[in-house]
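1. generate a structure from the sequence data that follows.
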Amino acid sequence: MEEEIEYRKLVVRKEALEDVKTARAHGDLSENFEYHAAKKVKNQNESRIRYLERMIKTAVIVSDESAEDEVGMNNTVQVFFEEDNLTETYKLVTTVRGNSLEGLISTESPLGRALLGHKVGDRVYVEMANGAGYYVVVKSIENTTDDGTDKLRSF
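-> Residues are numbered from 1 along each chain as shown. Next up, the predicted model:
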């Protein structure tokens, strides 16, 4: 996050300001699409910087240590959904990296929270917010680590 902030402050901010200056020089700002587009890019960059700085400021260190045979942070887990007769593979990550479409689920999601600490063969009840729930079975656990390739969520 700090690397992205530095890049955005030193490179992207400079480019965005130059684009705004160039577009402003084209005349009437009320009908100048290039100016409005350049301002939008500049504002998005500043928003992203503020978002990342707030994330760093409010960050809480989460332990990624777990027993070798238990589901833990950054582990890739294969689970069997009993009701659907379907097996899926997920990697448990923090909320800022969660992206269920890419198989990354947050440890604060109902499924992620339920799986933590369980072992291969465990039948786990996943409780949903409305009191309903479902069962999954832990099929396999791969002890993976956070190598930094999982992208941070955008804001």
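2. which secondary structure element of this protein has the lowest mean pLDDT?
-> The weakest-scoring helix or strand in the chain, judged by mean pLDDT, DSSP states H and E, is strand 104-106 (a mean of 87).
3. what packs against the lengthiest helix in the chain?
-> Among the segments of the chain that qualify as a helix by DSSP state H, the longest is helix 33-58. Taking 3 or more C-beta pairs under 8 Å, 6 or more residues apart in numbering; DSSP states H and E as contact, the helices and strands that helix 33-58 lies on are helix 2-7, helix 13-24. For glycine as for every other residue, the C-beta is placed from the backbone atoms N, C-alpha and C.
4. what comes up buried for that helix?
-> 35, 38, 39, 42, 45, 48, 49, 51, 52 (16 or more other C-beta atoms under 10 Å).
5. output the below-cut-off pLDDT ranges for the chain.
-> In the prediction, the chain carries residues with pLDDT under 70 at positions 60-67, 97-98, 100, 145-155.
6. which helices and strands does the strand ranked longest in it pack with?
-> The residue-count maximum for a strand in the chain (DSSP state E) belongs to strand 133-142. Contacts defined by 3+ C-beta pairs under 8 Å, 6+ apart place strand 133-142 against strand 76-81, helix 110-115, strand 123-127.
7. the same query, at a cut-off of 10 Å, please.
-> Other helices and strands packing on strand 133-142, by 3 or more C-beta pairs under 10 Å, 6 or more residues apart in numbering; DSSP states H and E, are strand 76-81, strand 86-93, helix 110-115, strand 123-127.
8. need the winner for burial among the ones you listed.
-> Mean neighbours per residue, mean count of other C-beta atoms under 10 Å, is largest over these for helix 110-115, with a mean of 20.
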